[in-house]
Each structure stands twice: as structure tokens, then as C-alpha cells.
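> no FASTA, just this:
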């Protein structure tokens, strides 16, 4: 009887001390925290009427055969989640387009990456024809990217940028 009672008391104490596990950094379910809205850095001297790059024209008067990227940053980033996998993680982002008909959603990595920070821009293409604005439910778009453990090595901040806002999560 004393052995059973002692084992019961020891197991009760051991289980009650596990409450800190859920907030611990060792717990893989809270690997990255919830995403928070972050400010977007904008270039205040940017004039949309002045082209930023010169168009290249060859001798025949045609532009280069390079594929032109017509995608734009999505209007608002609503949610961002990171789900752990056996080989890394999946970054899933939900955004709201400015109008109906947006397609080809992509998370494009930023050209300049700071150490310890991984940054993506959520870009979509819009149809050439005018479309209605529609309801938020019809303008909601999701995109995801798979990140390997090597991609995430040393990363402390994951950030996704849209036109009006950005979301980030920290380890």
C-alpha cells in the first residue's frame, strides 16, 4: 500500500511539473510564435510615373527576349502560419487581393537577405481586363513555400511583405 501511494504521489508531482513544457523553447509545437503585423518600409521618394529601369532596345527596335514579371504585391496580408515537417517547414500565407481575379500567387524571396532573417514578398498577377472589387471572401488567396532545415538554419525572423502591410514571426 505504501509503495502504491508513494508511486502515485511521485507521478502526480512529476506530471504537475510538466506545465512549463508548452511554453518551453524545446517544445517543437511552438517552434515559431504567432505572426504579428509589422510596418512596411516604403521609399518616400518613389514616383510611380518615372520608370525605375531603362528599357533595353536592340538594333531592330525590339526589347530583349527576357520574360517580364507583371506581378504585384498583394494588397493585405491577413495570416501567416509555419507548420513543421520532417525535412523543415511549410510557410503558408493568406492574403487579400485588391480586386477579384488575382492568380498565380507566389512567395518570392527578397533579393537582399539580412543574416538571421528570411524575407518573402507575396506577389500575384491580375487580369488585364477590369474586374469588380468583390467581397473579401472572393479576394482571399493563399500561397505556400517549402523551407528545408538548411534554409531555416540560423533564421530568427520570418517576414512576408505585401503592399499595405507585412507580417513576421520570431523564434
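Received it, and whenever you're ready, just let me know what you need. Because the structure is a prediction, the values reported are computed rather than measured. Numbering: from 1, shown residues only.

> who's in contact with residue 108?
71, 120, 121, 123 (C-beta atoms under 8 Å, 6 or more residues apart in numbering). All C-beta spots, glycine's among them, are computed from the backbone N, C-alpha and C.

> again, only this time at 7 Å
120, 121, 123 (C-beta atoms under 7 Å, 6 or more residues apart in numbering).

> one more: residue 155?
116, 117, 118.

> least confident of those residues?
The lowest pLDDT within these belongs to residue 116, with 88.

> was I right about that residue contacting residue 152?
No. The criterion here is C-beta atoms under 7 Å, and residue 116 misses it with residue 152 at 10.9 Å.

> between the two, point out the one with more neighbours.
Set residue 116 next to residue 152 and count neighbours by other C-beta atoms under 10 Å: residue 152 wins out with 18 against 10.

> phi, psi for the more buried one please.
phi -90, psi 0 (degrees, to the nearest 10).

> residue contacts, it?
88, 89.

> same thing but 6 Å
residue 88 (C-beta atoms under 6 Å, 6 or more residues apart in numbering).

> in strands, which of the contacts of residue 155 fall?
Members of the contacts of residue 155 lying in strands (criterion: DSSP state E): 117, 118.

> kindly reformat the contacts of residue 155 as JSON lines containing distance to residue 136.
Shown next, in JSON lines, are the contacts of residue 155 (distance: C-beta to C-beta, whole Å):
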{"residue": "116", "distance to residue 136": "34"}
{"residue": "117", "distance to residue 136": "30"}
{"residue": "118", "distance to residue 136": "28"}
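
> which one of the contacts of residue 155 sits closest to residue 102?
The closest of the contacts of residue 155 to residue 102 turns out to be residue 118 (C-beta to C-beta; 24.1 Å).

> where are the low-confidence patches of the chain?
Within the chain, the ranges that satisfy pLDDT under 70 run 15-31, 33, 42-66.

> does the closest residue to residue 146 other than its chain neighbours sit in a helix, a strand or a coil?
Take residue 146 and drop its neighbours on the chain: the residue closest to it by C-beta to C-beta, 6 or more residues apart in numbering is residue 90, 5.6 Å away. Under DSSP: H, G, I helix; E, B strand; the rest coil, the three-state class of residue 90 is strand.

> show me what contacts residue 90?
Counting by C-beta under 6 Å, 6+ apart, residue 90 touches 83, 144, 146.

> and stretch 158-171, how far from the chain's centre?
What separates the centre of stretch 158-171 from the centre of its chain is 6 Å, taken as C-alpha atoms, centre = their mean, to the nearest Å.

> appreciated, that's everything.
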